[in-house]
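> Here is my input; please provide its structure:
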Amino acid sequence: MQTNAMSDRKLGLLHGATLSMLCVISYWLITHILPHAGSVSHDDDLLGGMWSVVATVFVYRYAYEETISAALSRISATLLSFVLCFVYLLIWPFTMWGMAALIGIGAVVMVWIDRREDVVTTGITTAVVMVVAGLTPEHAWREPVLRVIDTLIGTGVAIFGALISPKPMASSEGMH
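Below you'll find the model as predicted:
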């Protein structure tokens with residue numbers, strides 16, 4: 001029993017260290033490489049780095065299969081949010097009521113396509129995109145596009161990390 005606890009501690013350290021490095025990679029890619037392709041602002045680059053890190057943390061799991069499942073969840077929620085926010089922001093500026101309507105529509109769509117577990121992520125993504133669009137109204141329609149890119153980079157980094165992470169011999173029940 002004590003050997004198993006020690007093994008779990010080592011696994012926890014390995015998982016935490018790997019996640020930390022993946023977050024650095026994810027943040028660096030968005031804040032140092034992507035701005036060369038076109039940047040809205042330095043603040044938006046930093047927001048993109050944070051958003052990419054959030055995707056990495058959300059997606060990276062102990063097992064590769066769990067990582068892929070989390071990646072599909074994150075991407076489906078982000079893509080729905082992207083479509084809703086992008087169309088809305090092409091037509092109207094940010095408003096509290098518009099944001100609330102999009103969150104509600106996203107929830108309904110996720111339930112209809114039998115992805116109830118992604119309602120929360122869709123709502124959070126929509127809220128962040130819409131509020132940031134309200135902060136930079138002259139570039140509002142770009143926010144959904146940028147957040148999809150950030151999410152795809154962070155998700156890709158997490159999948160890469162899960163692919164190359166060493167796998168322990170013992171099971172690590174409860175590791176996420």
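
> Locate the most centrally placed residue in the chain within the secondary structure: which element?
Nearest residue to the geometric centre of the chain (C-alpha atoms, centre = their mean): residue 55, 2.4 Å. Assigned by DSSP states H and E, residue 55 falls within helix 42-59.

> any idea of the mean pLDDT for that helix?
Averaged over helix 42-59, pLDDT sits at 92.

> If you count contacts, what does it end up packed against?
When contacts are defined as 3 or more C-beta pairs under 8 Å, 6 or more residues apart in numbering; DSSP states H and E, helix 42-59 packs onto helix 2-28, helix 64-91, helix 119-135, helix 142-164. C-beta: built from backbone N, CA, C; applies to glycine.

> make it 7 Å
Helix 42-59 sits against helix 2-28, helix 64-91, helix 142-164, with contacts defined as 3 or more C-beta pairs under 7 Å, 6 or more residues apart in numbering; DSSP states H and E.

> Next, the angle from it to helix 119-135.
Computed by axes from the mean of the first three to the mean of the last three C-alpha atoms, to 10 degrees, the angle separating helix 42-59 from helix 119-135 equals 180 degrees.

> and the angle from helix 42-59 to helix 2-28?
Going by the same axes, to 10 degrees, helix 42-59 makes 150 degrees with helix 2-28.

> I'd like to check what contacts helix 42-59. Which residues are they?
By C-beta atoms under 7 Å, 6 or more residues apart in numbering, the residues outside helix 42-59 that reach it are 19, 22-23, 26-27, 29-31, 34-35, 39, 67, 70-71, 74, 132, 136, 146-147, 150-151, 153-155, 157-158.

> Would you mind listing which of those residues are buried?
19, 22-23, 26-27, 29-31, 34-35, 67, 70-71, 74, 132, 136, 146-147, 150-151, 153-155, 157-158 (16 or more other C-beta atoms under 10 Å).

> Tell me which of the helices and strands packed on helix 42-59 sits most buried.
Counting by mean count of other C-beta atoms under 10 Å, helix 142-164 has the highest mean neighbour count of those, with a mean of 22.
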